[in-house]
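Undergrad: got a structure for you, letters missing:
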């Protein structure tokens, strides 16, 4: 029985890694964007309906947002790790053996 597994193209792997990193940066920037919106007399994306002067946020609203952002960041980091793991599977590319004694400087 033949193995019909074809490795991913290296550019496709790079593109997936870039997309995952950009998604992580976008999610990490959400709290900063909320603060910028609040400082510009906005509603903080719905956190404070009448602006920061009259903002009465419940005890769990900020914590809930932090937990959701943390879970999304962990999921994206896991996706990035999976992409890197899949790209390093055997048969992906031929690895040249590294001679550790070439690097040693006494």
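TA: Right, received. Where do you want to start? Everything quoted here is computed from the prediction, not taken from an experiment.
Undergrad: Now do the buried residues in the longest helix seen in the chain.
TA: When the chain is parsed with DSSP state H, its longest helix is helix 61-87. For helix 61-87, burial by neighbour count (16 or more other CB atoms under 10 Å) applies to 65, 72, 76, 80, 83, 87. For glycine as for every other residue, the C-beta is placed from the backbone atoms N, C-alpha and C.
Undergrad: Same check on stretch 19-34?
TA: Here stretch 19-34 shows 20, 23-24, 27, 34 as buried, counting by 16+ other CB under 10 Å.
Undergrad: now what about it, what contacts it?
TA: Stretch 19-34 is touched from outside by 44-45, 47, 65, 69, 72-73, 76-77, 79-80, 83, with contacts defined as CB atoms under 8 Å, 6 or more residues apart in numbering.
Undergrad: could you redo the last one with a cut-off of 7 Å?
TA: Where contact means CB atoms under 7 Å, 6 or more residues apart in numbering, the residues beyond stretch 19-34 that reach it are 44-45, 47, 69, 72-73, 76-77, 79-80, 83.
Undergrad: Now do that stretch: distance to the chain's middle.
TA: When C-alpha coordinates are averaged (CA atoms, centre = their mean, to the nearest Å), stretch 19-34 and its chain have centres 8 Å apart.
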